[in-house]
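Student: I'd like to go over a predicted model; first the sequence, then the structure.
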Amino acid sequence: MVLKKAMEYKFDKIDKKELSISQMAKMMGCSRSWLCRLYARYKKGEPLQKERGHRFSSFSISMKNKLKDLYKELTYEYKGIKHSPSMQILKDIALEKIDNFPDVHIETLRNILKEDQVYLKHVKVKKYRKRFEAGAVGEIIQGDVSVHNWIPGDNKKFNLILFIDDKSRYVLYAKFVESDSLENHITALKELILTFGYPIAIYYDNDAKYNYVRRNGMYFDLEKELSKPLIPNALNELGISLINSKPYQPQGKGKVERKFLTFQNQLPFYLKLNKAKNIDDANKILAQYIIKHNSTVSRVTKKTPEDIFKTATDIFRNVKKAELEEIENTFTKRQIRKVSNINEISYNNKNYLVPKYKGISLSSFNIEVRENPNQWIKLFYKNDILIKYNLNEVNDENI
């Protein structure tokens, strides 16, 4: 009331041309545009402070309290820093979890939280520059792994393996795994190919699993050491190009890096809300989140990843039924072994019997051993399968 009378007194002085709006704004330490709006209300005889509009009237006191409680429940502390959900995430969750929650603008929610100083300012993260975009779906697939404390309050970190389509930003594969192991990447790549087909190229960083091994700064011939790089070799045999980003330049894989940042800012709140306790719980929630994420409009493309993925030109090459076994045989560890005079080889401290090839003993010949980690090994001669040994079974299966 005192402020109102003081402002009316100053506005009266403006009418008498004893004071300008600019001088008044400087005296009060506020913006000139704000004073112009108040002065216009003063001249029309309207109250200087208007009542809050319909957006706030949509919220009862109990609804506001429910919103504030939800915001506090989702907020968690990590490394001494409080992390709160963005207003868009808060709105999405509130619409799902609070009955009859009004669909209002996110600024309305922010203003409600500011009433009792509940709101924590959301930190904006620096964006990387825009980079090349593929011309069609399936032209380039970006992949990477993110290690993070995904479940708030749980100090255990685990890995998120992620592959997205460069053109549409559609998430093709996402799974939490205990370790960033070769076996988990083999599983991811096989599932991706069997689900969507063969992409033209896969874009990954210089991780040893996706690159030829270096020694003293030079590439060396792995075949001479009776070993081949599994993933680069497998992708090459399947006709898929492998592109490695430059070391220490994550912006080269900008889309997948940005996707990880989004996931880290959003997923923990869903995991906390649904009381995820372990990696299995997290993967169930992740599967639902990916469906939601793929159907959410992107601020960059103004479309959903799913819409672009379904409508853009698709150049994934279909997997034929006859190629299923080839995919299994391709994503394998490989080594060369010489057959002993009793028709056996030694592999991983175990002896394996080598059958005859077209009725001829292979004693003293070199054969190829292919291993699908933790599942089976197969013995090959001239690219023909001799026998399969299931690593988890006692009985052997001849092929």
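Tutor: Structure received.

Student: can you list the domains in the protein?
Tutor: Listed by automatic domain parsing, the domain ranges of the chain are 2-44, 54-115, 140-311, 332-398.

Student: next one: the shortest one to chain centre, how far?
Tutor: Yep, that's domain 2-44 we're talking about. Centre-to-centre, domain 2-44 and its host chain are 52 Å apart (CA atoms, centre = their mean, to the nearest Å).

Student: any chance you could map the helices in this structure?
Tutor: Listed in chain order, the helices found in the chain under DSSP state H are 2-15, 21-28, 32-44, 54-57, 61-74, 87-97, 106-115, 182-196, 230-237, 254-273, 279-294, 305-311, 324-330.

Student: now tabulate those in JSON lines and tack on mean pLDDT.
Tutor: Listed next are those as JSON lines, based on pLDDT from 0 to 100:
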{"stretch": "helix 2-15", "mean pLDDT": "71"}
{"stretch": "helix 21-28", "mean pLDDT": "82"}
{"stretch": "helix 32-44", "mean pLDDT": "82"}
{"stretch": "helix 54-57", "mean pLDDT": "54"}
{"stretch": "helix 61-74", "mean pLDDT": "88"}
{"stretch": "helix 87-97", "mean pLDDT": "89"}
{"stretch": "helix 106-115", "mean pLDDT": "86"}
{"stretch": "helix 182-196", "mean pLDDT": "92"}
{"stretch": "helix 230-237", "mean pLDDT": "88"}
{"stretch": "helix 254-273", "mean pLDDT": "89"}
{"stretch": "helix 279-294", "mean pLDDT": "94"}
{"stretch": "helix 305-311", "mean pLDDT": "94"}
{"stretch": "helix 324-330", "mean pLDDT": "89"}
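
Student: out of those helices, flag the one nearest residue 350.
Tutor: helix 182-196 (18.8 Å; CB to CB). The way it works is simple: take the backbone N, C-alpha and C, and place the C-beta from them, glycine included.

Student: before we move on, back to that, in JSON lines, list the helices of the chain along with mean neighbour count.
Tutor: Below are these laid out as JSON lines (neighbours: other CB atoms under 10 Å):
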{"stretch": "helix 2-15", "mean neighbour count": "13"}
{"stretch": "helix 21-28", "mean neighbour count": "14"}
{"stretch": "helix 32-44", "mean neighbour count": "13"}
{"stretch": "helix 54-57", "mean neighbour count": "12"}
{"stretch": "helix 61-74", "mean neighbour count": "15"}
{"stretch": "helix 87-97", "mean neighbour count": "17"}
{"stretch": "helix 106-115", "mean neighbour count": "16"}
{"stretch": "helix 182-196", "mean neighbour count": "18"}
{"stretch": "helix 230-237", "mean neighbour count": "19"}
{"stretch": "helix 254-273", "mean neighbour count": "20"}
{"stretch": "helix 279-294", "mean neighbour count": "16"}
{"stretch": "helix 305-311", "mean neighbour count": "17"}
{"stretch": "helix 324-330", "mean neighbour count": "15"}
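
Student: which one of the ones you listed lies nearest to residue 164?
Tutor: So among these, helix 254-273 is nearest, using CB to CB, at 5.6 Å.

Student: helices or strands next to that closest one in the packing?
Tutor: helix 61-74, helix 87-97, strand 140-148, strand 158-165, helix 279-294 (3 or more CB pairs under 8 Å, 6 or more residues apart in numbering; DSSP states H and E).

Student: and the third one, what's buried?
Tutor: To tie it back to what came earlier, the one meant is strand 140-148. 140-146, 148 (16 or more other CB atoms under 10 Å).

Student: with respect to residue 63, which of the residues you listed is nearest?
Tutor: Of all the buried residues of strand 140-148, residue 148 has the smallest distance to residue 63: 33.3 Å, by CB to CB.

Student: just give the closest residue to the closest one, not the sequence neighbours.
Tutor: Spatially, and ignoring its direct neighbours in sequence, residue 148 is nearest to residue 264 (5.7 Å; CB to CB, 6 or more residues apart in numbering).

Student: relative to residue 336, how far out is residue 365?
Tutor: Using CB to CB, to the nearest Å, we find residue 365 at a distance of 11 Å from residue 336.

Student: any low-confidence regions in the stretch 101-250 of the chain?
Tutor: Scanning the stretch 101-250 of the chain for pLDDT under 70 picks out 121-132, 212-228, 246-250.

Student: tally of neighbours for the nearest residue to residue 94 once chain neighbours are set aside?
Tutor: Leaving aside its sequence neighbours, residue 94 sits nearest to residue 101 (CB to CB, 6+ apart; 4.9 Å). By other CB atoms under 10 Å, the residues close to residue 101 number 19.

Student: closest to residue 202 out of the helices and strands packed on helix 254-273?
Tutor: strand 140-148 (4.8 Å).

Student: ok so, going back, I'd say the residue nearest to residue 94 and residue 60 touch.
Tutor: No - Residue 101 is beyond contact range of residue 60, at 11.2 Å (criterion: CB atoms under 8 Å).

Student: export the helices of the chain to TSV and append columns for distance to residue 352.
Tutor: Shown next, in TSV, are the helices of the chain (distance: least, CB to CB, whole Å):
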stretch	distance to residue 352
helix 2-15	89
helix 21-28	87
helix 32-44	82
helix 54-57	73
helix 61-74	55
helix 87-97	54
helix 106-115	63
helix 182-196	21
helix 230-237	20
helix 254-273	40
helix 279-294	34
helix 305-311	45
helix 324-330	17
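
Student: reformat the domains of the chain as CSV; add distance to residue 325.
Tutor: As requested, the domains of the chain are arranged in CSV below (distance: least, CB to CB, whole Å):
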stretch, distance to residue 325
domain 2-44, 71
domain 54-115, 44
domain 140-311, 12
domain 332-398, 9
